[in-house]
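Novice: generate a structure from the sequence data that follows.
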Amino acid sequence: MIVMGILNVTPDSFADGGRHNDYEAAVKRGLEMIAEGVDIIDVGGESTKPGAERVPEVEELNRVIPIIKALAKYGVKISIDTMRASTAQAAIQAGAQIVNDVSGGLADPEMLKTVAALKVPYIAMHWRGHSKDMNSRAVYGDVVKEVIAELQQRIDSALEAGISKNNLIIDPGIGFAKDAQHNWDIIDSLDEFTALGYPVLIGASRKRFLGGDNPDDREKATIELTKRLAGTGIWGVRVHTVAPHKEVLSA
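Specialist: Numbers count the residues shown, from 1 in each chain. Below you'll find the model as predicted:
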């Protein structure tokens with residue numbers, strides 16, 4: 001199971017906003033993750049926490065492209081966490097190798113065909129709308145069935161756009177338009193997601209449903225969750241720290 005390290009180059013991300021929001025701090029953190037054995041560094045320039053407002057395209061590019069160029073020199077695999085096709089294109093040209101789109105192609109009608117032309121792996125997450133109002137969309141009859149059905153639509157759209165099946169990774173979107181019980185129901189049913197036949201990424205790191213008022217206080221619970229996920233057959237975890245998760249997975 002791979003460990004994807006989160007590198008938020010933002011002032012407002014929920015767990016680490018502002019900690020790596022300049023070039024020197026971001027590159028330093030990236031090098032620390034490389035030293036700890038990270039498999040993929042996920043670089044993002046736009047917060048997707050509940051209530052977050054979108055940033056202009058030029059701001060997103062100014063945040064992420066210099067960091068990607070700097071870290072790519074070290075041979076590490078980099079994913080770009082973006083909902084914009086233009087940012088995805090620029091990031092791949094700068095040295096990223098994977099596009100991680102929390103909207104699964106819904107936020108930008110150009111995304112899927114852009115990724116298809118780039119011929120790179122694409123992570124499609126389950127998504128029901130932008131951060132500013134996603135909590136109001138957390139309404140389900142059967143969360144597992146509905147998320148799988150909506151993810152299948154994103155899979156179908158990606159394949160129709162020309163993205164290779166071998167380049168497709170899915171993410172059920174823990175915490176995105178989902179309450180705590182929804183998150184746990186999905187985690188308890190991961191076999192139904194892996195049965196779709198695609199690698200599955202789980203991004204639950206330090207999220208509110210793990211308990212505690214402070215995101216940093218949820219790190220222990222995040223590590224315990226990685227330990228639990230190790231036997232589920234998923235492809236990877238997206239986390240804020242690297243060494244503790246690598247240690248758990250190698251035990």
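Novice: list the buried residues for stretch 22-29?
Specialist: Within stretch 22-29, the residues scored as buried using 16 or more other CB atoms under 10 Å are 26-27, 29. C-beta here means a position set from N, CA and C on the backbone, and glycine is covered the same way.
Novice: lowest pLDDT pick from those?
Specialist: Lowest in pLDDT among the buried residues of stretch 22-29 is A26, which has 91.
Novice: now name the helix or strand holding that one.
Specialist: Using DSSP states H and E, the element containing A26 is helix 23-35.
Novice: contacting residues around the residue nearest to P244 when sequence neighbours are not counted?
Specialist: Spatially, and ignoring its direct neighbours in sequence, P244 is nearest to I223 (5.0 Å; CB to CB, 6 or more residues apart in numbering). Shown in contact with I223 (CB atoms under 8 Å, 6 or more residues apart in numbering): 244-245, 248.
Novice: next, count neighbours for L112.
Specialist: 25 (other CB atoms under 10 Å).
Novice: hang on, F176 in a strand?
Specialist: No. With DSSP: H, G, I helix; E, B strand; the rest coil as the criterion, F176 is coil rather than part of a strand.
Novice: measure G175 to Q93 for me?
Specialist: Applying CB to CB, to the nearest Å, the value for G175 to Q93 is 31 Å.
Novice: so if I had to pick from the two, which one is more boxed in?
Specialist: G175 (24 against 12).
Novice: hmm, back to that, which of the contacts of I223 has the most neighbours?
Specialist: H245 (29 neighbours).
Novice: quick one, phi psi at V237?
Specialist: Per-residue torsions, V237: phi -120, psi 140 (degrees, to the nearest 10).
Novice: that one and R137: what is the separation?
Specialist: Per CB to CB, V237 is found 25 Å from R137.
Novice: the more surrounded of those two?
Specialist: The neighbour comparison of V237 against R137 (other CB under 10 Å) goes to V237, with 24 against 14.
Novice: residue contacts, A161?
Specialist: 105, 112-113, 115-116.
Novice: between the residues you listed, which sits nearest V99?
Specialist: V115 (5.2 Å; CB to CB).
Novice: and the helices in the stretch 101-250 of the chain?
Specialist: 111-118, 143-161, 180-187, 190-194, 219-229, 243-250 (DSSP state H, counting those that start in this stretch).
Novice: could I get those helices as TSV with distance to S205 and mean pLDDT?
Specialist: Shown next, in TSV, are the helices of the stretch 101-250 of the chain (distance: least, CB to CB, whole Å; pLDDT from 0 to 100):
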stretch	distance to S205	mean pLDDT
helix 111-118	24	98
helix 143-161	19	98
helix 180-187	12	97
helix 190-194	16	98
helix 219-229	5	95
helix 243-250	9	95
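Novice: closest one to M125 among the ones you listed?
Specialist: Set against M125 and scored by CB to CB, those come closest in helix 143-161, at 8.2 Å.
Novice: in the closest one, what counts as buried?
Specialist: Under the neighbour-count criterion of 16+ other CB under 10 Å, helix 143-161 has 143-144, 147-148, 150-151, 154-155, 157-158, 161 buried.
Novice: burial of the closest residue to G233 other than its chain neighbours, as a residue count?
Specialist: Leaving out its chain neighbours, the residue that sits closest to G233 by CB to CB, 6+ apart is T194, at 4.8 Å. When neighbours are counted by other CB under 10 Å, T194 registers 15.
Novice: next one: N214
Specialist: For N214, the neighbour count with other CB under 10 Å is 9.
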